[in-house]
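>>> Quick one: sequence plus predicted model below, questions after.
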Amino acid sequence: MMQHPSAHEISEARPRVEVGRAPASGFPPRGTAPIQERPARAMTIRRSLALIALQCAFVFVLGFMVVLPRICPDPERPLTPSFALTVFIVVCALFGGVALVWWASVRSLGRTWRDLGWHVDGLGRQLAFGAVGGAIGCLLVFSALLVTGISPSEILTSIREASATERLTFALIGVQAAFIEESLFRGNLLPALRARMPSKLAIPVSAAAFALYHLRFNPVSLGTKMGLGLTYGVLRVTQGSLIAPALAHAMVWLVAGSL
């Protein structure tokens, strides 16, 4: 008489597949849907402006208006190199770079750094155009100083007599400002605006936001920041990357930071 296998023997003979682990073949078990990554969410204008407002409140309101005048050796010149200023630069880099750029602009939306605009395709061309943009930015700053009554000789003397410590401080500020602000303005806001309007309108709108963000509302300062924002925006759109505008941004700080 033929004996049928028991339920226990059938379960022992059946190949086991561990939960949460793919079988040796590399394919998911039959009858199960393949695991799909969550699609990246697009950056919106509202979210972009909210992140910019947070950065503005942290750096300019809390930092330059409240904290730095109380901890820097010379409250009238808060950017004078000091240990307190160095600590402030590091804290700003952590808040803006980690919280606002990495987490709020990339990680939480499921985006990549390339989605934000950071890639090195055509690196040589990007660096060349970034250097040109930096020269234009420096000319804008010099022109603004001339308008306020500062002579060319005073400008050149100020640049020439800047100490190595001052130049290093301005380089640090320039690198972190270029990374954070280019990510927020030309990585987040400008593409979000271009999704709603043509580039010839989106670039000036983002440049106006960049000018207002610095909280200096005299005409010369607003005009200079507007010109810089236009320069960086054109570089972002024409080069398709944040490398060129970031290089130009950092160059302006390095050269004109002592003015």
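Now that the structure is in, tell me what you want to look at. Note that the structure is predicted; figures quoted are calculated from it, not measured. Numbering: from 1, shown residues only.
>>> Quick one: end-to-end distance for stretch 62-71.
Stretch 62-71 has its terminal residues 12 Å apart, counting by CA to CA, to the nearest Å.
>>> likewise stretch 117-130?
15 Å.
>>> Mean confidence (pLDDT) on it, please.
Averaged across stretch 117-130, pLDDT comes to 97.
>>> for that stretch, which positions count as buried?
Of the residues in stretch 117-130, 117-119, 126, 129-130 count as buried by neighbour count, 16 or more other CB atoms under 10 Å. Using the backbone N, CA and C atoms, a C-beta is placed for each residue, glycine as well.
>>> what does stretch 244-258 give?
Buried residues in stretch 244-258 (16+ other CB under 10 Å): 244-258.
>>> Which member of the residues you listed is positioned nearest Ala164?
Nearest to Ala164 among those: Ser258, at 11.6 Å, using CB to CB.
>>> Local confidence estimate at the closest one?
So Ser258 comes in at 59 (pLDDT).
>>> Can you give the contact residues for stretch 188-197?
Applying CB atoms under 8 Å, 6 or more residues apart in numbering, the contact partners of stretch 188-197 are 42-45, 47-49, 51-52, 105, 116-117, 201-203, 205-206, 209, 233, 236-237.
>>> Only whichever of the residues you listed are buried, select them in PyMOL.
The buried residues among these can be selected in PyMOL (16+ other CB under 10 Å) with this line:
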select buried, resi 43+45+47+48+49+51+52+105+116+117+202+203+205+206+209+233+236+237
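>>> In helices, which of the contacts of stretch 188-197 appear?
Those of the contacts of stretch 188-197 mapping onto helices are 45, 47-49, 51-52, 116, 201-203, 205-206, 209, 233, 236-237, per DSSP state H.
>>> Contact partners for the spatially most central residue of the chain?
The geometric centre of the chain, computed from its C-alpha atoms, lies nearest to Ser183 (CA atoms, centre = their mean), at 2.3 Å. For Ser183, the contacting residues are 100-101, 105, 116-118, 242, by CB under 8 Å, 6+ apart.
>>> how about a cut-off of 6 Å?
Val101 (CB atoms under 6 Å, 6 or more residues apart in numbering).
>>> which residues of the stretch 1-150 of the chain score low on pLDDT?
1-38 (pLDDT under 70).
>>> end-to-end on stretch 184-193?
12 Å.
>>> now do stretch 77-86
End to end - CA to CA - stretch 77-86 spans 14 Å.
>>> Quick check: what element follows the lengthiest helix in the chain along the chain?
Of all the segments of type helix in the chain, defined by DSSP H, the longest one is helix 123-147. Later in the chain than helix 123-147, the nearest helix or strand by DSSP states H and E is helix 152-160.
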